[in-house]
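**Student:** Okay, structure incoming, though there's no sequence with it:
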């Protein structure tokens, strides 16, 4: 008789809120002020604040867990919220110092930017003129070398944030900004990833490679190839629940590991609970946050590595062992397992972001900072489980369980051939049902016993756990 303890498909307890105490003091104060002033749950600005930190320091350091394992400092985050949740106001508050930094930089370097553009246009015009006149190839090549030398150190307007870019446009923006960009949007970008502007055709390599800074070369029809040696993208986006459901279910994104690169947050809604209040502006809080952002943006680009103190390494090692044990206990096809596989690297990245708020790159990362990063990582574990509990796979699995219980009680039996299950669960195709049954097997709802000498899952019996019939 099969009567093991069932692992529920859905978590029965609400996830704990974002651990605000894990954030650096200036950042925490601003997140709390923003949540209070705009009247949103603090999870929203807290999660997006991590992406703002990421946008400020990506490409300026790495975090070294061991001599052979280091991570970049960029993060991919996505906040799931319905319309009317005041996402735009939160984005405006968090990114205001970044936008101000960009404006000041471009004003300060306006003359150099204009001089560069004029010189480049002049050289391009001279080259075109020589080509049209059929001039000597050596003269044309000499001009081309001047152009390439000039383009090797471009003086272009600084751009740190993009909102709605195709993959090709994203690469072009990154090329003009030292290989980096932050995609921060209150409207989401997953429809663009899925090919909104390209008739459903999509190339997500730029997003995959730019998570780890892997060199990428892109061939463009209009202007030749484009190479990025250490491309880095930060994502901090908001989108509606239905969009995220489609995103994580899309095999183009989940199968290639793009969805698993994201940290998801689904803050409780305050709609219907808000009141009209007129809070005094906390200017000191805003100024301290702006000073932090300016300090981080002023750091030079670097490949220097932040190292861990012995105590920080020990804390990370304990968390590492805990997560590895959890990965081992999850089924091969579990969504949670695939998320956990990338969580340790994200935890290291978060620790690096927190470290640079108060320390130099050369200062070893301490135990308290690592424990704060681990606390944030635990929050995202719970958020991921919340998301996976609400996706279409769970809904499908619940339907199949209901059919199994109803049919089993009617027939008075607890064992069925695979083909019989497919007969009374005809809502799903054979391959879809196989995946659902794998999920149910991982959660101990059923157990599959293959026929002797057979490997095909269509040849065998499914035994129903007595606990779901009780």
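**Tutor:** Structure's in. What do you need? Quick caveat, the model's predicted, so the values are computed rather than measured.

**Student:** Relative to residue 394, how far out is the residue nearest to residue 337 when sequence neighbours are not counted?
**Tutor:** Nearest non-adjacent residue to residue 337, counting by CB to CB, 6 or more residues apart in numbering: residue 330, 3.6 Å away. C-beta coordinates here come from the backbone N, C-alpha and C atoms, glycine included. From residue 330 across to residue 394, the span is 15 Å (CB to CB, to the nearest Å).

**Student:** Helix or strand for residue 462, just tell me which one.
**Tutor:** strand 460-464 (DSSP states H and E).

**Student:** What helices and strands are in contact with that strand?
**Tutor:** Contacts defined by 3 or more CB pairs under 8 Å, 6 or more residues apart in numbering; DSSP states H and E place strand 460-464 against strand 415-417, helix 418-423, strand 446-450.

**Student:** my read: the residue nearest to residue 337 touches residue 340, true?
**Tutor:** Yes. At 7.0 Å, residue 330 counts as touching residue 340 under the criterion of CB atoms under 8 Å.

**Student:** how near is residue 153 to residue 107?
**Tutor:** 21 Å.

**Student:** Not counting whichever helix or strand residue 115 is part of itself, show me its contacts.
**Tutor:** Per DSSP H and E, residue 115 falls inside helix 110-133. With contact meaning CB atoms under 8 Å, 6 or more residues apart in numbering, helix 110-133 is reached by 106, 139-140, 143-144, 146-147, 150-151, 154-157.

**Student:** mind redoing it with 6 Å?
**Tutor:** Contact partners of helix 110-133, identified using CB atoms under 6 Å, 6 or more residues apart in numbering, comprise 139, 140, 143, 146, 147, 150, 155, 157.

**Student:** and these, which are buried?
**Tutor:** 140, 143 (16 or more other CB atoms under 10 Å).

**Student:** Closest one of the contacts of helix 110-133 to residue 20?
**Tutor:** residue 157 (35.6 Å; CB to CB).

**Student:** what are the phi and psi angles of that closest one?
**Tutor:** phi -60, psi 140 (degrees, to the nearest 10).

**Student:** shift numbering so it begins at 47
**Tutor:** Shifting the count to begin at 47 puts that one at residue 203.

**Student:** looking at the helices and strands packed on strand 506-510, which is closest to residue 393?
**Tutor:** Closest to residue 393 of the helices and strands packed on strand 506-510 is strand 492-496 (CB to CB; 34.2 Å).

**Student:** Quick one: list the elements packing against that closest one.
**Tutor:** Using 3 or more CB pairs under 6 Å, 6 or more residues apart in numbering; DSSP states H and E, the elements in contact with strand 492-496 are strand 506-510.

**Student:** And the next helix or strand past the strand it packs on?
**Tutor:** Trace forward from strand 506-510 with DSSP H and E and the next one is helix 512-515.

**Student:** and residue 401, what does it touch?
**Tutor:** Residue 401 is in contact with 352, 411, 415, counting by CB under 6 Å, 6+ apart.

**Student:** Quick check: nearest residue in space to the first one, chain neighbours excluded?
**Tutor:** Of all residues beyond its chain neighbours, the one nearest residue 352 is residue 109 (4.9 Å), with distances taken as CB to CB, 6+ apart.

**Student:** How many neighbouring residues does residue 458 have?
**Tutor:** Counted with other CB atoms under 10 Å, the neighbours of residue 458 add up to 6.

**Student:** who touches stretch 323-333?
**Tutor:** 75, 76, 79, 83.

**Student:** ok, then the element right after the helix or strand hosting the last one?
**Tutor:** Assigning secondary structure by DSSP H and E places residue 83 in helix 71-84. With elements assigned by DSSP H and E, the helix or strand that comes after helix 71-84 is helix 89-103.

**Student:** Inside helices: which ones of the contacts of residue 401?
**Tutor:** Among those, the residues falling in helices (DSSP state H) are residue 415.

**Student:** Of all the helices and strands packed on strand 506-510, which one comes closest to residue 134?
**Tutor:** Nearest of the helices and strands packed on strand 506-510 (CB to CB): strand 492-496, 46.3 Å.

**Student:** Quickly run through the sheet partners of the closest one, with directions.
**Tutor:** Strand 492-496 pairs in its sheet with strand 506-510 (antiparallel), by DSSP bridges.

**Student:** Now the strand it pairs with: average pLDDT?
**Tutor:** Strand 506-510 carries an average pLDDT of 89.

**Student:** Check what contacts that strand and list those residues.
**Tutor:** 48, 454, 460-462, 464, 467, 492-497.

**Student:** Now restrict those residues to buried residues only.
**Tutor:** Neighbour-count burial (16+ other CB under 10 Å) applied to the contacts of strand 506-510 gives 48, 454, 460, 462, 464, 467, 492.

**Student:** still on that earlier bit, in TSV: the helices and strands packed on strand 506-510, plus distance to residue 248 and mean pLDDT.
**Tutor:** Putting these into TSV (distance: least, CB to CB, whole Å; pLDDT from 0 to 100) gives the following:
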stretch	distance to residue 248	mean pLDDT
strand 461-463	40	89
helix 464-469	33	82
strand 492-496	36	90
